[in-house]
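Engineer: make a model of this:
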Amino acid sequence: MPARVYYNGAQPFICFHIVTHLIIHRNSYTTRGEVEVITSVHADGAGAALRAGTAVATGTAVIQAKRGIGDVVWHLPFVRAIASVSAGNQVTFLAPPTSRAKDLLAAESSVLETIYFEHAGSEFKRGINLIRLARLLRQNRFQTVWILDRTVRPAIAATLAGVPERIGLGLGRQSLFITNSGIDRSHFHDHPIDWLRALMAEMNVSLPSTEPALKVPSETITAISERFTVCPRPWIVLGIGALHAEREWPHEFWVEFLTQLCPHSSGTFFFIGGADYTVRAQSVITQSKLSGAINACNLSLVEAIALLHHADLFVGTDSGPMNLAVAVGTPSFALFGVNPVLSYSKFIHPLTPPGGPTPGGMQRISPAYVFERVQPYLARLNSRQ
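Structural biologist: Below you'll find the predicted structure:
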């Protein structure tokens, strides 16, 4: 019975005999007149392809398979580092559509183009998505692909597409489909950010900083400033939602925290999180009696980023809005109840439960503790107004 390849050692995504068939019969996917690229899984990059007298693509692609907005943010310094050693100091960025990467990177000079691809789904759907990604990579004739995760499917797709240089972490079965050595297996259980730090070192790519320093369109910054110009300072932005339910802070905790914090601020509270959180935000505003608070959940993503750019303080969950606040240099008190604390930015002020993040940890971060951490900082902001 054919063996199966497993994604991250757990969920099966495609039968191994299908992948083998596609690699062996890759010529059938080559359009008429194209020169077939090198077929060896373990070629040593573009140099090997050239020595073999084969055609190579032009340009560099960076594949980021995670689906969150925040994932794009913290990957950005690594994308810039890769672009700095790529032709024209630019790359093409590939990510799932849920990442909103096209909006986030619209003003990013190191990214020539952002292309969406689907990555998740059932075993069958993942196989179909793999073939579609391979076709996309082949159509764009990339010479180099960087895979910023240990997932194996993009590496297989790049192999099927005939990309000569396939750079990845090489943890697990991905090592079979990349052309670099990969990082040491001792990093297997590290945070993904540390994987990428190790990969940059292994590839001798300079990483000046892990601060995202997200670029925001100047016209949007100006428009948001003018829209809320009458709102008193300091501006405190609150991010009450999260991509995963287990990362959300209980509704009643938000009400208790803000009821306690409100008398200590002479500024304006803004709520963001997208349209799905409009009703919940309004409920928190009403129950905590926040006079003058603004429910800004209806802002577009870029408008919300511009608001965070102007904000004096962010308080919220480990989420996309938190990563966006950090990305524009806004001090952020972030509740890490479940996942490990992110350490890529000096603007992250982590709030964790006793004993550290664990399953169910958000319920163990008390409103009183959050108030004790946030109030002194807010007092300093009030004194500057």
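
Engineer: sec struct for the most centrally placed residue in the chain, please.
Structural biologist: In the chain, the centroid-proximal residue (CA atoms, centre = their mean) is Asp71; its distance is 1.1 Å. Here Asp71 is recorded as helix under DSSP: H, G, I helix; E, B strand; the rest coil.

Engineer: which residues touch it?
Structural biologist: Counting by CB atoms under 8 Å, 6 or more residues apart in numbering, Asp71 touches Gln64, Ala95, Ser99. Yep, even glycine has a C-beta here, placed from its N, CA and C like the rest.

Engineer: Leu342 too?
Structural biologist: Trp74, His191, Ile193, Asp318, Asn323, Ala334, Phe336, Ile348, Pro350.

Engineer: go again using 7 Å as the cut-off
Structural biologist: Leu342 makes contacts with Trp74, Ile348, as judged by CB atoms under 7 Å, 6 or more residues apart in numbering.

Engineer: confidence score at the residue nearest to the centre of the chain?
Structural biologist: Asp71 is assigned 95 on the pLDDT scale.

Engineer: let's have the chain start at 57 instead
Structural biologist: Done: numbering now begins at 57, and the last item shifts to Asp127.

Engineer: ok, it to Gln120 distance?
Structural biologist: Separation of Asp127 from Gln120 (CB to CB, to the nearest Å): 7 Å.

Engineer: ends of stretch 383-403, what's the gap?
Structural biologist: Terminal residues of stretch 383-403 lie 9 Å apart, using CA to CA, to the nearest Å.

Engineer: which residues of this protein fall in helices?
Structural biologist: 72-80, 102-107, 125-140, 157-160, 179-196, 209-216, 248-258, 274-283, 307-317, 334-344, 357-366, 376-383, 423-440 (DSSP state H).

Engineer: looking at the ones you listed, spot the one closest to Leu225.
Structural biologist: helix 248-258 (5.4 Å; CB to CB).

Engineer: show me what the closest one is packed against.
Structural biologist: helix 125-140 (3 or more CB pairs under 7 Å, 6 or more residues apart in numbering; DSSP states H and E).

Engineer: and the angle from the helix it packs on to helix 357-366?
Structural biologist: With axes from the mean of the first three to the mean of the last three CA atoms, to 10 degrees as the basis, helix 125-140 and helix 357-366 are set at 80 degrees to each other.

Engineer: roughly how far is helix 125-140 from the heart of the chain?
Structural biologist: Between the centre of helix 125-140 and the centre of its chain there are 8 Å (CA atoms, centre = their mean, to the nearest Å).

Engineer: and that helix, what's buried?
Structural biologist: Residues 125-139 are the ones in helix 125-140 that count as buried (16 or more other CB atoms under 10 Å).

Engineer: next: stretch 227-241.
Structural biologist: For stretch 227-241, using 16+ other CB under 10 Å, the buried residues are Leu227, Gly228, Arg229, Gln230, Ser231, Phe233, Ile234, Thr235, Asn236, Gly238, Ile239.

Engineer: same question for stretch 321-332.
Structural biologist: By neighbour count on 16+ other CB under 10 Å, the buried set for stretch 321-332 is Ser321, Gly323, Thr324, Phe325, Phe326, Phe327, Ile328, Gly329, Gly330.

Engineer: separation between Ile203 and Phe327?
Structural biologist: 37 Å.

Engineer: leaving out sequence neighbours, find the closest residue to His247.
Structural biologist: Closest residue in space to His247, ignoring its immediate chain neighbours: Pro396 at 5.9 Å, by CB to CB, 6 or more residues apart in numbering.

Engineer: just give me the neighbour total for that neighbour.
Structural biologist: The local packing of Pro396 (other CB atoms under 10 Å) involves 14 other residues.

Engineer: so it sits right up against Gly417, yeah?
Structural biologist: No: under the contact definition of CB atoms under 7 Å, Pro396 does not touch Gly417, with a separation of 10.9 Å.

Engineer: which of the helices of the chain is buried the deepest?
Structural biologist: Most buried of the helices of the chain, by mean neighbour count (mean count of other CB atoms under 10 Å): helix 376-383, with a mean of 28.

Engineer: for that helix, packing partners?
Structural biologist: Using 3+ CB pairs under 7 Å, 6+ apart: helix 376-383 touches helix 125-140, strand 291-295, helix 357-366, strand 369-373, strand 388-391.

Engineer: which helices and strands does the fourth one pack with?
Structural biologist: Under the contact definition 3+ CB pairs under 7 Å, 6+ apart, strand 369-373 sits against strand 291-295, helix 376-383, strand 388-391, helix 423-440.

Engineer: export the helices and strands packed on helix 376-383 as a markdown table, with columns for distance to Pro410.
Structural biologist: Below are these laid out as a markdown table (distance: least, CB to CB, whole Å):
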| stretch | distance to Pro410 |
| --- | --- |
| helix 125-140 | 25 |
| strand 291-295 | 23 |
| helix 357-366 | 29 |
| strand 369-373 | 18 |
| strand 388-391 | 13 |
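
Engineer: between those, which one is closest to Tyr425.
Structural biologist: Among these, if distance is taken as CB to CB, the winner is strand 388-391, at 9.8 Å.

Engineer: avg pLDDT for the closest one?
Structural biologist: For strand 388-391, mean pLDDT is 98.

Engineer: swap in stretch 216-228?
Structural biologist: For stretch 216-228, the per-residue pLDDT averages 97.

Engineer: C-alpha coordinates for it, PDB please?
Structural biologist: C-alpha atoms of stretch 216-228 as PDB (Å, rounded to 0.1, in the frame of the first residue of the first chain):
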ATOM      1  CA  LEU A 216       6.900  20.200  -9.700                       C
ATOM      2  CA  ALA A 217       7.100  23.700 -11.200                       C
ATOM      3  CA  GLY A 218      10.800  23.200 -11.900                       C
ATOM      4  CA  VAL A 219      12.000  26.100  -9.800                       C
ATOM      5  CA  PRO A 220      15.800  25.600  -9.700                       C
ATOM      6  CA  GLU A 221      16.500  27.100  -6.300                       C
ATOM      7  CA  ARG A 222      14.100  26.100  -3.500                       C
ATOM      8  CA  ILE A 223      15.100  27.500  -0.100                       C
ATOM      9  CA  GLY A 224      13.300  26.300   3.000                       C
ATOM     10  CA  LEU A 225      13.700  25.400   6.700                       C
ATOM     11  CA  GLY A 226      14.200  21.700   5.900                       C
ATOM     12  CA  LEU A 227      12.500  20.500   9.000                       C
ATOM     13  CA  GLY A 228      10.900  17.100   8.400                       C
END
